[in-house]
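Trainee: model the following, please.
(one chain, ligands or ions: 2)
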Amino acid sequence: MKSYRIAAIPADGIGLEVIPAGIEAVNVLQEVTGSFRMTFESFDWGSDYYRSHGRMMPENGLEVLKGFDAIFFGAVGHPSVPDHVSLWGLRLPICQGFEQYANVRPSRILPGVPGPLANRGPEDLDWVIIRENTEGEYAGVGGRAHQGHPEEVGMEVAVFTRTGVTRVMRFAFETARKRKKRHLTLVTKSNAQRHGMVMWDSIFQELTASYPDVATDRMLVDATTTRMVLHPETLDVLVATNLHADILSDLAAALSGSLGMGATANLNPERAYPSMFEPIHGSAFDIMGKGIANPIGTFWSAVLMLEHLGETAAAAKLMAAIEEVTASGRCLPPDLGGRATTREVTAAVCAALRQGR
Ligand code: IPM
Ligand code: MG
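Mentor: Ligands and ions are numbered 1, 2, ... in the order given. Now for the predicted structure:
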């Protein structure tokens, strides 16, 4: 039996509520399937750690994480720590340091989930957004000069490399190739941004020849938002820059019911480093401690983690349990219009796993 060691980093806010829920569901899953073994080691890194140590994680954090098979991550962000400090101190160093260049964000309207799009159901919205995850607008390149003076300037430079663009696009083509529709949409803004974005367009054009079995189209990012709302069924896999896909994936999560549903895989496809799995909702301080956070984005992230590790049957079983719970409509959290707590949704998914249908 294969066994895996997972580093759990709940970090901040509702991350501390949903990650234990995810671990509980995976523990029940391994108990009922008996087909794999997964042990979790928890790390207390995050904004509390920052307040006592002056850093979000220890200096050798990446060294420590390197030995694990995967990372199960909650959320970063706390009102008392500037967001750019918490982000650049924990999540981005992991994504960039471990070359997790393919950020995968699936969206579907799960059965029983009331999405905001009128007359649209599970058959109309089934997307995978592939987000470039190591460079672009998140490269951290730029600076400020004349700080505090009237002539102050702030520069935020997006960095696009041929290697970085090509590898994420190849990953997107491979993803599209494995799906029923085999369709890939390239999202850019090459009308206004005439350097890096035009390079994205031309690299994409070059790659299409290697994937004749994948149908493609191109769309500007602004137009993509309207297409997602008005014609969701025309989209399948999308590939976009770090920032564009960040924005589109929040919209995708909302259109599939709630931000609480969004799941992510930060993949290093070459497996030279561990990959990281996390819900996309963030720390949500407004509902922290109330016990009402939606754990489904975390369960779905666990599904992505199991798939990445090759435990596809177990992954499918967990996804089926999630869908059984949403379909019954009896145990939905407040963000989906229900009244169930994090604990109740978790218990319902665990019960569905135990019933083993
Ligand atoms: C996400 C989040 C992060 C991002 C935040 C927390 C900086 O919004 O994972 O989409 O923008 O990358
Ligand atoms: Mg985001």
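
Trainee: in contact with the spatially closest residue to Phe43 that is not a sequence neighbour, which residues?
Mentor: Spatially, and ignoring its direct neighbours in sequence, Phe43 is nearest to Ile9 (5.0 Å; Cβ to Cβ, 6 or more residues apart in numbering). Heads up, the C-betas are built off the backbone N, CA and C, glycines and all. Residues counted as contacts of Ile9 (Cβ atoms under 8 Å, 6 or more residues apart in numbering) are 15, 19, 42-43, 45-46, 71-74, 90.

Trainee: out of those, which end up buried?
Mentor: Listed as buried from the contacts of Ile9 are 15, 19, 43, 45-46, 71-74, 90; burial here means 16 or more other Cβ atoms under 10 Å.

Trainee: before we move on, what SS does the closest residue to ligand 1 within the stretch 201-350 of the chain have?
Mentor: Nearest to ligand 1 in the stretch 201-350 of the chain, going by Cβ to the nearest ligand atom, is Asp246, at a distance of 4.4 Å. Assigned with DSSP: H, G, I helix; E, B strand; the rest coil, Asp246 falls in the helix class.

Trainee: ok, Leu243 - how many residues close by?
Mentor: 17 (other Cβ atoms under 10 Å).

Trainee: pretty sure it sits against Glu137.
Mentor: Yes. Counting by Cβ atoms under 8 Å, Leu243 does reach Glu137; the two are 3.8 Å apart.

Trainee: if I look at those two, which residues touch both of them?
Mentor: Ala158.

Trainee: distance from the longest helix belonging to the chain to the middle of the chain?
Mentor: The longest helix of the chain (DSSP state H) is helix 15-33. Relative to the chain's own centre, helix 15-33 is displaced by 18 Å; criterion: Cα atoms, centre = their mean, to the nearest Å.

Trainee: mind listing the residues bridging to Ala70?
Mentor: Beta-bridge partners recorded for Ala70 (DSSP bridges): Ile6, Ser275.

Trainee: list every C-alpha atom in the helix or strand hosting Met228, with coordinates, as CSV.
Mentor: Using DSSP states H and E, Met228 maps to helix 221-230. Extracted C-alpha coordinates of helix 221-230, given in CSV (Å, rounded to 0.1, in the frame of the first residue of the first chain):
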residue,chain,number,x,y,z
VAL,A,221,-9.8,39.0,-20.6
ASP,A,222,-12.6,41.6,-20.4
ALA,A,223,-14.6,39.8,-23.0
THR,A,224,-14.0,36.5,-21.2
THR,A,225,-15.9,37.7,-18.2
THR,A,226,-19.1,38.3,-20.2
ARG,A,227,-18.7,35.0,-22.0
MET,A,228,-18.4,33.2,-18.6
VAL,A,229,-21.7,34.7,-17.5
LEU,A,230,-23.7,34.6,-20.8
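
Trainee: and it, which residues are buried?
Mentor: 221, 224, 228.

Trainee: from the contacts of Ile9, which is closest to Ala316?
Mentor: Set against Ala316, the nearest of these by Cβ to Cβ is Phe72 (18.9 Å).

Trainee: the one helix or strand that closest one maps to vs helix 15-33, what angle?
Mentor: Per DSSP H and E, Phe72 falls inside strand 70-75. In terms of direction (axes from the mean of the first three to the mean of the last three Cα atoms, to 10 degrees), strand 70-75 departs from helix 15-33 by 140 degrees.

Trainee: can you list the residues of the stretch 101-250 of the chain near ligand 1?
Mentor: Asp246 (Cβ under 6 Å from any ligand atom).

Trainee: that older thread, which neighbouring elements make contact with the helix or strand just after the longest helix of the chain?
Mentor: Using DSSP H and E, the next helix or strand after helix 15-33 towards the C-terminus is strand 36-42. Packing contacts for strand 36-42, counted by 3 or more Cβ pairs under 8 Å, 6 or more residues apart in numbering; DSSP states H and E, involve strand 2-11, helix 15-33.

Trainee: name the residues of stretch 205-212 that are buried.
Mentor: So, applying 16+ other Cβ under 10 Å, buried residues of stretch 205-212: 207, 211.

Trainee: which pLDDT does the model give the residue nearest to Phe43?
Mentor: You'll see Ile9 listed with a pLDDT of 98.

Trainee: against ligand 1, how distant is it?
Mentor: Taking Cβ to the nearest ligand atom, to the nearest Å as the measure, Ile9 falls 14 Å from ligand 1.
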